[in-house]
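*Asks:* model this:
(chains A and B)
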Amino acid sequence: MSETWLVVVFVGAGTVAIKSAGPVLLGGRPVPARLTGVVELLAPALLGALVAVQTFGDGQTLTVDARLIGVAAAGLALWRKAPMLVVVIVAAAATALARAMT
Amino acid sequence: MPHGCYRCAMAAERRYRDGARAVAPLALAVVGFGVSFGVLARTAGFGWLAPIAMSATTFAGSAQFAAMSIVGDSGTVAAAVTAALLLNARYGPIGVSVAPWLSGSLPSRFLRAQLVVDESWAISAEGDGRFDPRMLVGSGLLLYVSWVSGTAIGSIGGEALGDPARLGLDAAFPALFLALLVPQIRSRKPLAAAMLGATIALVLTPFAPAGVPIIAASVACVLGVRR
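*Replies:* Just a heads-up that it's a prediction; the model follows:
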């Protein structure tokens, strides 16, 4: 098997295993009361990290580029209570515009 | 079928569609990134079939880009697999967070777990740790079809389609995550968790291999420990 297909097979099998672990082992069982507070905060913690890394991350370096303008525009749109579709389009358009001008 | 159950079934079907509809604007961006993955994988010597097979089985953009670029830079198989699985390790805690809401038989839980990606997970989050499994499946299916078909267009169709960054599509993803984060912040604790998560991820980015900063950020949820 070529290296390419080895990577495809191992990454695929590993990812399927990681994704299944929680739902297969714990599926349908309520969270123990002591842990609900922790699990509740998992979403905001991971979402905060995703926003930060996808705005400033470029491989292993941090950069400030046109994405920040898009995310700032999205923040403004959210503050004006714009629907999600508008927020996403505003972000892409502001970033594309900033790139076209530089 | 009793009248009440018929209405339940209708309501259930609506939630699947709600999920697909909610993620539709992003599905377009996902097609664009699928195309660029297909094109780049082809130029990195993956052939046309392997990128499609990878999108269909792995279904996780960042990990696939990482694995492909490492192989393209003549890195080892072990390095490519390790980087990709580190990037996907966040699906461990993410899977635990949706597990209580995914009931049903083991094969059904296994299959639905594959539809969990950042975007479908975030769209189905209702706040306070609750998730709507139907929104998850509806949005996840649309994203899956978008990602695999985009990859196929890119790897078979070639380079004519341009760079998604030029269209600003790379900013669509953090914007979506911000849009999904805002309604979760109903009190001081989720705000603190989001800020701490973002800080941990940014501080670790220059030092840790890609993927580790996001997993490490999940530690911020210990702010919710009840004594």
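*Asks:* what's the burial count for residue 63?
*Replies:* This is for chain A. Under the neighbour criterion other C-beta atoms under 10 Å in any protein chain shown, residue A:63 is assigned a count of 11. C-beta coordinates here come from the backbone N, C-alpha and C atoms, glycine included.
*Asks:* that answer is for a different chain, and I need it for chain B
*Replies:* Neighbour count for residue B:63, taken as other C-beta under 10 Å: 27.
*Asks:* could you list every residue that touches residue B:93?
*Replies:* Neighbouring residues of residue B:93 by C-beta atoms under 8 Å, 6 or more residues apart in numbering or on different chains: A:22, A:42, A:46, B:215, B:218.
*Asks:* Name the residues of the helix or strand harbouring it that are buried.
*Replies:* For residue B:93, the enclosing helix or strand under DSSP states H and E is helix B:91-98. Buried residues in helix B:91-98, counted by 16 or more other C-beta atoms under 10 Å in any protein chain shown: B:91-98.
*Asks:* just the buried members of the contacts of residue B:93?
*Replies:* Among those, the ones that count as buried by 16+ other C-beta under 10 Å are A:22, A:42, A:46, B:215, B:218.
*Asks:* Just the buried residues of stretch B:64-73, please?
*Replies:* Neighbour-count burial for stretch B:64-73 flags B:64-72 (criterion: 16+ other C-beta under 10 Å).
*Asks:* now swap in stretch B:176-190 and tell me
*Replies:* For stretch B:176-190, by 16+ other C-beta under 10 Å, it's B:176-181, B:184-185, B:189-190.
*Asks:* Equivalent analysis for stretch A:7-21, please.
*Replies:* For stretch A:7-21, a neighbour-count test (16+ other C-beta under 10 Å) marks A:7-12, A:14-16, A:18-21 as buried.
*Asks:* mind listing the helices in chain B by residue range?
*Replies:* Using DSSP state H, the helices of chain B run over B:3-43, B:49-57, B:61-72, B:77-88, B:91-98, B:106-114, B:118-124, B:133-152, B:169-181, B:188-204, B:212-217.
*Asks:* of these, which approaches residue A:77 most closely?
*Replies:* helix B:169-181 (8.4 Å; C-beta to C-beta).
*Asks:* from the middle of its chain, how far away would that closest one be?
*Replies:* Distance of helix B:169-181 from the chain centroid (C-alpha atoms, centre = their mean, to the nearest Å) equals 12 Å.
*Asks:* okay, residue B:47: pLDDT?
*Replies:* Here the pLDDT value assigned to residue B:47 is 87.
*Asks:* Hmm, residue A:4 and it touching each other?
*Replies:* Yes. Here residue B:47 reaches residue A:4: they are 6.8 Å apart, a contact under C-beta atoms under 8 Å.
*Asks:* Is residue A:95 in a helix, a strand, or coil?
*Replies:* helix (DSSP: H, G, I helix; E, B strand; the rest coil).
*Asks:* Could you report the neighbour count for it?
*Replies:* If you count neighbours by other C-beta under 10 Å, residue A:95 ends up with 29.
*Asks:* Residue A:87 now?
*Replies:* For residue A:87, the neighbour count with other C-beta under 10 Å is 25.
*Asks:* Looks like it contacts residue B:179 (just checking).
*Replies:* Yes. Using C-beta under 8 Å, residue A:87 makes contact with residue B:179 at a distance of 4.7 Å.
*Asks:* shared neighbours of those two, anything?
*Replies:* In contact with both residue A:87 and residue B:179: A:74, A:78, using C-beta under 8 Å, 6+ apart.
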